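> Below are the sequence and a predicted model; questions follow.
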Amino acid sequence: WPPTTTTLAIGPATQRALLAADWQEVIIPTSSYNSEGLLSLPLLQQIAGKKIILFAGKNGLHLLAQRLQERQGLVYSINCYERVRPEYTPAEIREKLTTHSLDIIISTSVESLHNLFYFISCIQADDITQVPLLVVSPRMEQVLHKLSPYTPIIIARNADDHSIIEALTTWCAQHKQGNH
């Protein structure tokens, strides 16, 4: 890449991977590690005529590309991965979801929410929707409400490991107090 190229990443894990691959500087959002977080960066406010390459997942959220185009950026998207639902037999799904006494489920992407509810419907295990579900964004909470009247929902402050562990620790402390 030309030395004047600015590199942005959705969050710290991608930033670390790019830095480990000898990228010189990688900027990440300071608030939310998602499309909205990237779009809030001052660097992406005045982008008319700027050439932008998005490396993204096939069939992913198009919000980032759409907003950058609305800001007159010249956006080129390259699909570099594809998320697919794992294939399990109904017996395997039942074993994974019902054999163990689940205390909480953690979902870190909208795709994983869709997959979870697909699996629940395959084995007709609606009682699993009573297990607390930790998600990593308000957008995921909105999707969850459309999929099911799922309760309770815990929302992590962000999609990074620290925020997920913080939300899980808080939930565990409250859950432990509630059971004693």
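Yes, it's here.

> now the helices for the protein?
Per DSSP state H, the chain carries helices over the ranges 12-20, 35-39, 63-70, 90-98, 110-123, 138-147, 161-178.

> Can you give me the buried ones in the shortest one?
Buried residues in helix 35-39, counted by 16 or more other CB atoms under 10 Å: 35-39. In short, each C-beta sits where N, CA and C put it, glycine included.

> Low-confidence regions, the protein specifically.
Scanning the chain for pLDDT under 70 picks out 1, 61, 150, 177-180.

> returning to what we had before: what's the closest of the helices of the chain to residue 5?
Among those, helix 12-20 comes nearest to residue 5, with 11.8 Å by CB to CB.

> Just the angle for the closest one relative to helix 161-178, thanks.
Here helix 12-20 runs at an angle of 150 degrees relative to helix 161-178 (axes from the mean of the first three to the mean of the last three CA atoms, to 10 degrees).

> Which strands or helices does helix 12-20 pack on?
Packing partners of helix 12-20 (3 or more CB pairs under 8 Å, 6 or more residues apart in numbering; DSSP states H and E): none among the helices and strands.

> buried set for that helix?
Across helix 12-20, burial judged by 16+ other CB under 10 Å covers 12, 14-15, 18.

> Tell me which of the helices of the chain sits most buried.
Comparing the helices of the chain by mean neighbour count (mean count of other CB atoms under 10 Å), helix 35-39 comes out on top with a mean of 19.

> For the residue nearest the centre of the chain, give its distance to residue 41.
What sits nearest the mean C-alpha location of the chain, by CA atoms, centre = their mean, is residue 109, with 3.6 Å. Residue 109 is 22 Å from residue 41, where distance means CB to CB, to the nearest Å.
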